[in-house]
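*Asks:* Sequence below, structure please.
(chains A and B)
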Amino acid sequence: MSSIVKTTNLDYSFNAGEKILDNINLDIPDGSIYGFLGPNGAGKTTTLRLLLGLLQIKTPGIRILGRDFKSNRISILRSIGSLIEQPSLYLHLTGNENLEIFRLSYDLPKSRIAEVLTIVGLRDAANKKTKAYSLGMKQRLAIAIALLHDPELLILDEPTNGLDPNGIVEIRDLISKLNQQHGKTIIISSHLLSEVEKIVTHVGIIHHGKLLFQGTFPELQKLQSNHSFIEINTSDNIKAMDILGGAISKSNMLRVHYKNDKQLAEINRTLVLKDFEVYHLARVKNDLEEIFMELIAE
Amino acid sequence: MIMKRFFLNTKTEFLKSKGTAAVWLTILAALFIPVIYAMVCLERPDVMVKKINSDPWMAFLRMNWKNVAAVILPLYCVLMTSLIIQIEYRNNTWKQVYTLPRKFADVFFSKFIVIHSFLIGFILLFSSAIIISGLSVARLNPAYHLLSKDIPWMMLLIIASRIYLGLFAITIVQYWLSLRFKNFVVSLGIGMGLWITGIVLMDWDKIVYYPYMYSTFMFFTDFDKNPETLVQLSLCSIISSVLFLTLSFRDIYLLPERG
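*Replies:* Predicted structure coming up:
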């Protein structure tokens, strides 16, 4: 797979000496759904803003569609659709009028408006003022705007932010459809792995402005399984810690690394056979934050 | 091709202002004084007939224009410019504008054209309202001799053009402030502060270099007696407009963050 986005040693700071991004080397394959993950304030939005030219950098270092962004900004932007943070809509205008504004700017035929409204399922609400839309509808209209000029690359910054579970599923399905049926490469940022794990093919994890992991989703899953823990509370945690090699104490609990369910059962059996009363034995939810912590610790 | 894109983008900027407060402000502010004077003339013919009838249309024009040139139009420019730019801030759409394949100059000047179109729209609507107001007053009360005299179109055009030129620099400074500050109150507050400062400094001998007073002087100065002042005011207005336009374009272009 060739790269649609490639950054080389990308640094950025708002104030001198305070690096927001530190040596970011993104490599996003063509045709992928790239989950760009990190906690709030990690540098996701700053990176995406740089990719779109909303933040200016003096040095080159961003190549999109094989071309240097700085010297080809206008032609590259013709091939990118974006949704950064909240949807950008003119709330006093209807859905149709919002699309008309962008249609004129891209100089597209009028028929394109109906096409994108069909893709996002908003044909019936096209003549309603967008201030009357639900957040999910606003997100879908914003995606319709991003799709209007049929871009090769879609950049969606936390598109499910603030949506109810139903809205999240809708947007997720829409993103999958855009990738599979319309061939779009999609960069989707999120602070929750669980929100995007069902659809992404590739993942980049950023924390404190540093790219800690980049690879395919199966590679991340492998990494995740290497960082699985259970929490245990027994009648005597200090003694239990000696018996369970490598256990650490955390918040009055013991934390033990495990690789599979068989090993988990074995830990339980060991404790019971040694006459410990086991009050609590549970998998630690292996979310992104936990992986971050482990990656940072490494 | 570039001009076609610029034309289309300017059209989109007009679309964005559809049904906004800027439109209503333009209509209401332009009609306000002519409606007020029509009512005054109809209510107090005992005072107004004497005031107007020596040179009816010129007196009626000057009566309407004096408040608008000195107060309403400078404040309208301050408010309208902020309202137009706030469309993007309020809807959080600057980032979408700057991720369109548009050059910075395209974005900057298409919005500037919209602002000036609103200003020209105000002046045209106000001028039409003066004529309609004068004709209506004379029809309802024949003591006013406005129907029997010719409308001084040329004088109306001259007054309107001079005042438009006098307002040019204000619109640029306000455009700059509105782009620079997300908070509506900042550009509005600075604009009103600069205008009030001008009123306070009215007797200052260097006031001719103060753009916020140009429209007032363009109306109140007797250019028959002081023709050199017209040249000076026009030159100052043009030079300050070019200067502020260059500075504002450069300043906004060089901002490290857009949207």
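*Asks:* To what extent is the residue in the stretch 1-150 of chain A positioned nearest to chain B buried, counted in neighbours?
*Replies:* At 3.8 Å from chain B, A:Ser88 is the closest residue in the stretch 1-150 of chain A, using CB to the nearest CB. The C-beta positions use only the backbone N, C-alpha and C, and glycine is treated the same way. By the criterion of other CB atoms under 10 Å in any protein chain shown, A:Ser88 has 24 neighbours.
*Asks:* Quick check: bridge partners of A:Arg67?
*Replies:* For A:Arg67, the beta-bridge partners are A:Ile64 (DSSP bridges).
*Asks:* Just to check, it is in contact with A:Ile74?
*Replies:* No - assessed by CB atoms under 8 Å, A:Arg67 is found out of contact with A:Ile74, at 11.2 Å.
*Asks:* What helices and strands are in contact with the longest helix along chain A?
*Replies:* For chain A, the longest helix by residue count, based on DSSP state H, is helix A:165-180. Helix A:165-180 sits against strand A:33-37, helix A:111-120, helix A:135-147, strand A:185-190, helix A:193-196, with contacts defined as 3 or more CB pairs under 8 Å, 6 or more residues apart in numbering or on different chains; DSSP states H and E.
*Asks:* B:Glu88: how many residues sit nearby?
*Replies:* B:Glu88 - counted by other CB under 10 Å - has 24 other residues nearby.
*Asks:* again with A:Ser111
*Replies:* 8.
*Asks:* One more: B:Thr81?
*Replies:* 31.
*Asks:* swap in the one 4 residues further on?
*Replies:* When neighbours are defined as other CB under 10 Å, B:Ile85 has 25 of them.
*Asks:* For it, give its distance to A:Tyr90.
*Replies:* 14 Å (CB to CB, to the nearest Å).
*Asks:* Checking my notes, the residue of the stretch 1-150 of chain A closest to chain B in a strand, right?
*Replies:* No - checked against DSSP: H, G, I helix; E, B strand; the rest coil, A:Ser88 lies outside a strand; its state is coil.
*Asks:* still on that earlier bit, please spell out which residues along the longest helix of chain A are buried.
*Replies:* Buried residues in helix A:165-180, defined by neighbour count with 16 or more other CB atoms under 10 Å in any protein chain shown: A:167-168, A:170-172, A:174-175, A:178-179.
*Asks:* Of those residues, which is the nearest to B:Ala21?
*Replies:* A:Gly167 (31.2 Å; CB to CB).
*Asks:* So for that closest one, what's the nearest residue that isn't a sequence neighbour?
*Replies:* Closest residue to A:Gly167 apart from its sequence neighbours, by CB to CB, 6 or more residues apart in numbering or on different chains: A:Gly136 at 3.6 Å.
*Asks:* So the one you found sits against A:Asn161, correct?
*Replies:* No - contact criterion CB under 8 Å: A:Gly136 and A:Asn161 do not qualify, at 11.3 Å.
*Asks:* and residue 167, what pLDDT?
*Replies:* Unless you meant another one, I'm taking chain A. On the pLDDT scale, A:Gly167 is placed at 82.
*Asks:* To clarify, I was referring to chain B.
*Replies:* B:Leu167 is given a pLDDT of 95.
*Asks:* circling back to that earlier point, can you give the distance from the longest helix of chain A to the centre of its chain?
*Replies:* Put simply, helix A:165-180 sits 13 Å off its chain's centre (CA atoms, centre = their mean, to the nearest Å).
*Asks:* Could I get the contacting residues of the closest residue to the residue of the stretch 1-150 of chain A closest to chain B other than its chain neighbours?
*Replies:* Nearest residue to A:Ser88, sequence neighbours excluded (CB to CB, 6+ apart): B:Gln96, at 3.8 Å. Neighbour list for B:Gln96: A:82, A:88, A:102, A:145, B:259 [criterion: CB atoms under 8 Å, 6 or more residues apart in numbering or on different chains].
*Asks:* which residues of the chain score low on pLDDT?
*Replies:* Looking at chain A here, since you left the chain open. A:1, A:227, A:285-298 (pLDDT under 70).
*Asks:* right idea, wrong chain: chain B
*Replies:* Using pLDDT under 70, chain B has no residue that qualifies.
*Asks:* who in it is up against chain A?
*Replies:* By the rule CB under 8 Å from any CB of the partner chain, the part of chain B lying against chain A is B:4-5, B:8-9, B:11-12, B:15-16, B:18-20, B:87, B:90-93, B:95-96, B:98-103, B:256-259.
*Asks:* Could you give the number of residues near A:Tyr258?
*Replies:* 17.
*Asks:* For chain B, see how far away it is.
*Replies:* 45 Å (CB to the nearest CB, to the nearest Å).
*Asks:* Most neighbours among the contacts of B:Gln96, which one is it?
*Replies:* Highest count within the contacts of B:Gln96 by other CB under 10 Å belongs to A:Ser82, 26 neighbours.
*Asks:* My read is that it contacts A:Gly53, right?
*Replies:* No - here A:Ser82 does not reach A:Gly53: they are 10.4 Å apart, not a contact under CB under 8 Å.
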